[in-house]
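Novice: Here you go, sequence then predicted model.
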Amino acid sequence: MKKLYFPFLFATTLLVGCGGGGGGGNNATPTPNPTPISSASAQSEASSISSSSSSSRSSASSNNALSPEIVDIPAGSFMMGNVNNFVADFTSWPENLEYEIPVHSVDIKAFRLGKYEVTFTQYDAFADATGRARPNDYGLGRGQQPVGNVSWADATAYAAWLSQQTGKKFRLPTESEWQYAARAGTTTEYYWGNTADHTFANYGRDVCCDVLASGADRWLEAAPVGQFPANRFGLYDMLGNVSEWVQDCWNPNYVGAPTDGSAWKTGDCKQHVSSGGNFHFTPFGIRVSTRAPFDASDLNWGFRIAQDIE
Ligand SMILES: [Ca+2]
Ligand SMILES: [Ca+2]
């Protein structure tokens, strides 16, 4: 399996391939800044499914001040994959789009998802408490910067530790949960429309593959979490900034993929899916449905946590 993407390193990192395509999408009219769905609305829908929703949430935060903020994601169904038959204007990695088919319907149960990518502050608390080495920040700073350079196992261990600390069920999101939450009811290439725009996310140049600061995107590399508009579910940085581990084993297309929102636990489980792209990627690489495999042991990028509604 070719490596599409690359570790949480500097812009000069040697690339083995280009996940990018210029231009940022097809010719459909972009939808400017979507109207946010209020978190209260989403919480209300989730609460109708679990009456313990509110108490669970407040309990988690009171048990651990370092718990990431979480957002209630309502149940629903969506079409997963390359829903617009997106055609990239490049030929170097045509299998990228083959990864995203067949488009299929998935039913998602209500769950919770981190409002932001897990930060260095949050992850370092786990590392210190468990005797793990703190991940390298490559000089970008810690604090509210999204944690990077963590393996899939690290991310999974963090969720297990947080569960132990809070008594709640934290875990990585499944790939379908992640994509459903990133879409937040939209069917466009990005949750703000069909054209990549540095107003809405931290990513790189149109031509593969280099970092770029442009307009509201003032960052060549990772930005502190929450610097761009949230999507309609109130989630920040789902596209761009740092790529995010999800639970699923790697499969090079969606033939046989679960349709109930669960993780795909068969296939190439030495690799796992990474979603959302990052500050280094082109417009192609930060599409909602772009997916990439990483070796589970590689120190790649970051993640956000999910929580079961109990
Ligand atoms: Ca940028
Ligand atoms: Ca991200």
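Specialist: Perfect, I can see it now. Numbering: from 1, shown residues only. Ligands and ions are numbered 1, 2, ... in the order given.

Novice: hey, where'd the helices end up in the stretch 51-200 of the chain?
Specialist: 53-63, 95-98, 120-130, 152-166, 175-183 (DSSP state H, counting those that start in this stretch).

Novice: Would you mark the buried spots in the shortest one?
Specialist: For helix 95-98, a neighbour-count test (16 or more other Cβ atoms under 10 Å) marks 96-97 as buried. Just so you know, the C-beta spots here come from the backbone N, C-alpha and C atoms, and that holds for glycine as well.

Novice: Show residues contacting stretch 197-207.
Specialist: Defining contact as Cβ atoms under 8 Å, 6 or more residues apart in numbering, one finds that stretch 197-207 is touched by 11, 20, 22-24, 30, 33, 190-192, 196, 210-212, 214-217, 219, 222-223, 227-229, 237, 239-241, 277-283, 285-286.

Novice: Those residues also near ligand 2: which ones?
Specialist: Among these, the residues within reach of ligand 2 (Cβ under 5 Å from the ion) are 237, 241.

Novice: Weed out the non-buried ones from the contacts of stretch 197-207.
Specialist: For the contacts of stretch 197-207, a burial check counting by 16+ other Cβ under 10 Å picks out 20, 23-24, 30, 190-192, 196, 211-212, 217, 219, 222-223, 227-228, 237, 239-241, 277-283, 285-286.

Novice: Residue ranges in the stretch 151-300 of the chain under the pLDDT threshold?
Specialist: Regions of the stretch 151-300 of the chain meeting the criterion pLDDT under 70 cover residues 300.

Novice: What ranges does it have for its strands?
Specialist: Here the stretch 151-300 of the chain has its strands, by DSSP state E, counting those that start in this stretch, at 170-171, 244-250, 268-275, 291-295.

Novice: could you list every residue that touches G114?
Specialist: For G114, the contact set (Cβ under 8 Å, 6+ apart) comprises 68-71, 235, 304-306.

Novice: still on that earlier bit, any idea which of the helices of the stretch 51-200 of the chain gets closest to ligand 2?
Specialist: Proximity to ligand 2 (Cβ to the ion) singles out helix 175-183 among those, at 9.0 Å.

Novice: For T290, see how far away W250 is.
Specialist: For W250, the distance to T290 equals 14 Å [Cβ to Cβ, to the nearest Å].

Novice: Neighbour count: the two, which is higher?
Specialist: A direct count of neighbours by other Cβ atoms under 10 Å for W250 and T290 places T290 higher, at 28 against 22.

Novice: so how far is ligand 2 from the more buried one?
Specialist: In this view, T290 and ligand 2 are 12 Å apart by Cβ to the ion, to the nearest Å.

Novice: Excluding chain neighbours, what is closest to that residue?
Specialist: G277 (5.9 Å; Cβ to Cβ, 6 or more residues apart in numbering).

Novice: So that neighbour sits against S243, correct?
Specialist: Yes. Between G277 and S243 a contact is recorded at 6.0 Å, counting by Cβ atoms under 8 Å.

Novice: Now a PyMOL select for only the buried ones of the contacts of G114.
Specialist: Burial among those is assessed by 16+ other Cβ under 10 Å; the matching PyMOL selection reads:
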select buried, resi 68+70+71+235+304+305+306
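
Novice: Closest to P258 out of the contacts of G114?
Specialist: Distance to P258, by Cβ to Cβ, is smallest for A306 among those, at 15.3 Å.

Novice: What does the closest one show for phi and psi?
Specialist: phi -110, psi 160 (degrees, to the nearest 10).

Novice: That one and F111 touch, don't they?
Specialist: Yes. In terms of Cβ under 8 Å, A306 counts as a neighbour of F111; the distance is 5.8 Å.

Novice: And for N82, the neighbour number?
Specialist: Counted with other Cβ under 10 Å, the neighbours of N82 add up to 22.

Novice: Same question for C269.
Specialist: By other Cβ under 10 Å, the residues close to C269 number 14.

Novice: got the contact list for it?
Specialist: 249-250, 296.

Novice: gap between the nearest residue to L172 once chain neighbours are set aside and L212?
Specialist: In this structure, L172 finds its nearest non-sequential neighbour in Q247, 4.6 Å apart by Cβ to Cβ, 6+ apart. Applying Cβ to Cβ, the value for Q247 to L212 is 31 Å.

Novice: Ligand 1 contacts on the stretch 101-250 of the chain?
Specialist: Neighbours of ligand 1 within the stretch 101-250 of the chain, by Cβ under 5 Å from the ion: 202, 217, 219.
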